[in-house]
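1. Next one to model:
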Amino acid sequence: MDLNKPGKKSTSKSKKKKILTDNDIMKYEIASELGLIDKVNELGWAGLTAKEAGRIGGILTSRKKQKKKMEESNKEDGSV
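-> Next up is the predicted model:
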């Protein structure tokens, strides 16, 4: 069976809305802070340069570490 017959339209092209995770929300916030949100909305994440994507990833990683540290210190304060 040939799936690539001419005239047949693939339904996989329709984009499904993805449920945003906490990481996704943070990525959008960082992109907005760096002035890249318009580029992301227009071209998608693949439209960013390696430098831009790396900057977002680096900031995201540092914020996740900071958030984890805050949660651990709050947990320690509550258990005393």
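
2. who's in contact with the residue nearest the centre of the chain?
-> For the chain, residue 24 is the residue whose C-alpha lies nearest the centre (C-alpha atoms, centre = their mean; 3.6 Å). By C-beta atoms under 8 Å, 6 or more residues apart in numbering, the contact set of residue 24 is residue 18. Backbone N, C-alpha and C define where each C-beta goes, glycine included.

3. 10 Å - rerun?
-> Residues counted as contacts of residue 24 (C-beta atoms under 10 Å, 6 or more residues apart in numbering) are 18, 45.

4. now it: how far from residue 33?
-> To residue 33, residue 24 is 15 Å away according to C-beta to C-beta, to the nearest Å.

5. just for this protein, where's the confidence low?
-> 1-15, 79-80 (pLDDT under 70).

6. Helices along the chain, start to end?
-> Applying DSSP state H to the chain gives helices spanning 22-33, 37-43, 50-79.

7. Those helices: which one's closest to residue 16?
-> Among the helices of the chain, the nearest to residue 16 by C-beta to C-beta is helix 22-33 (14.5 Å).

8. Give me the buried positions along the closest one.
-> Buried residues in helix 22-33, defined by neighbour count with 16 or more other C-beta atoms under 10 Å: 26, 27, 28, 30, 31.

9. One more: stretch 59-72?
-> Buried residues in stretch 59-72, counting neighbours by 16+ other C-beta under 10 Å, are found at 59, 60.

10. Now do it: distance to the chain's middle.
-> Here stretch 59-72 is found 16 Å from its chain centre; the criterion is C-alpha atoms, centre = their mean, to the nearest Å.

11. which residues are contacting that stretch?
-> Here stretch 59-72 makes contact (C-beta under 10 Å, 6+ apart) with 22, 23, 26, 27, 29, 30, 31, 33, 34.

12. 6 Å instead, please
-> Residues outside stretch 59-72 that contact it (C-beta atoms under 6 Å, 6 or more residues apart in numbering): 26, 30.

13. what do you get for stretch 36-44?
-> Residues external to stretch 36-44 that are found in contact with it (C-beta under 6 Å, 6+ apart): 31, 47, 52.

14. now those residues as JSON lines including distance to residue 41?
-> Compiled in JSON lines, these are given as follows (distance: C-beta to C-beta, whole Å):
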{"residue": "31", "distance to residue 41": "9"}
{"residue": "47", "distance to residue 41": "10"}
{"residue": "52", "distance to residue 41": "14"}
